[in-house]
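*Asks:* pasted the sequence and its predicted model underneath.
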Amino acid sequence: MSDHDDRNNDEILLLRAIVNDDQESFKAIFMKYYSPLVILADRYIHSLSESEDVVQDMFFNLWKNRKNIQIKTSLRSLLLASVKNRSIDYVRKFKVRDKYESLCMERDSQAEDILYSESELKDALNKALSKLPEKVKQVFLMNRFQGLRYSDIAQKNGTSVKTVEAYMTKALKMLRYEMSDYIKQ
């Protein structure tokens, strides 16, 4: 009989004992396979403590479901496959969670930027408007805040449309310069 056959017979005896609630046999399997299985899990998870959790969870489920264990190849193969699959599931689960958390953090960050910028933007706009020459400022406010067309502004101010256009061009140029920190490039 080969070493392989002896190992399979030992595993079969241990499994039978576990199915019959033999905690010592379970402990023997745990002691024999725990460390190599943690090393296997760590190849996927890259965190020793998380790998230990995955392996411990696998052993907990092995004990819990001991009455229903069906081994097609060997106990070793069952344990290796189980830890590999659990490790891959763990990584998948946490990649999804990390991606979701990252997305939430990005949204929160954008929301904070928007709220912060809105208030700051109002202050900056008022400051920039105060730097405009009075007639230029007046034309800009009439157009952008009162919604008047250039021709209506020209008529109200007794100037030409070309003068209103020139004032608006000057206002927009100065405001772009003053507000350059707030304009996305």
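*Replies:* That came through fine.
*Asks:* residue 68: neighbouring residues, count only.
*Replies:* 7 (other C-beta atoms under 10 Å). (Glycine included, C-beta is placed from N, CA and C.)
*Asks:* check the gap between it and residue 81 for me.
*Replies:* 16 Å (C-beta to C-beta, to the nearest Å).
*Asks:* now residue 10
*Replies:* Taking C-beta to C-beta, one finds residue 10 at 19 Å from residue 81.
*Asks:* could you chop this structure up by domain?
*Replies:* 3-99, 131-182 (automatic domain parsing).
*Asks:* mean confidence for the last one?
*Replies:* Read that as domain 131-182. Average pLDDT, domain 131-182: 90.
*Asks:* kindly report the same for stretch 29-45.
*Replies:* According to the model, stretch 29-45 has a mean pLDDT of 91.
*Asks:* residues of that stretch that come out buried?
*Replies:* 29-30, 32-34, 37-38, 40-42, 44-45 (16 or more other C-beta atoms under 10 Å).
*Asks:* how about stretch 133-147?
*Replies:* 136-140, 142-143.
*Asks:* quick one: contacts for residue 168?
*Replies:* Residues in contact with residue 168 (C-beta atoms under 8 Å, 6 or more residues apart in numbering) are 139-140, 143, 150.
*Asks:* just the element for it, please.
*Replies:* For residue 168, the host element (DSSP states H and E) is helix 161-178.
*Asks:* next helix or strand past the helix or strand hosting residue 32?
*Replies:* Using DSSP H and E, residue 32 maps to helix 23-45. Where DSSP H and E defines the elements, the next helix or strand beyond helix 23-45 is helix 48-64.
*Asks:* re earlier: can you tell which of the domains of the chain is closest to residue 119?
*Replies:* Closest of those to residue 119 is domain 131-182, at 11.6 Å (criterion: C-beta to C-beta).
*Asks:* over to the residue nearest the centre of the chain. Which of the three states is it?
*Replies:* The centre of the chain sits closest to residue 102, judged by C-alpha atoms, centre = their mean, with a distance of 2.2 Å. Following DSSP: H, G, I helix; E, B strand; the rest coil, the label given to residue 102 is helix.
*Asks:* look up how far residue 94 lies from it.
*Replies:* 12 Å.
*Asks:* likewise for residue 106?
*Replies:* Residue 106 is 18 Å from residue 94, by C-beta to C-beta.
*Asks:* now do the contacts for the residue located most distally from the centre of the chain.
*Replies:* Using C-alpha atoms, centre = their mean, the residue of the chain lying farthest from its centre is residue 158. It sits 58.9 Å away. Residues near residue 158 by C-beta under 8 Å, 6+ apart: none.
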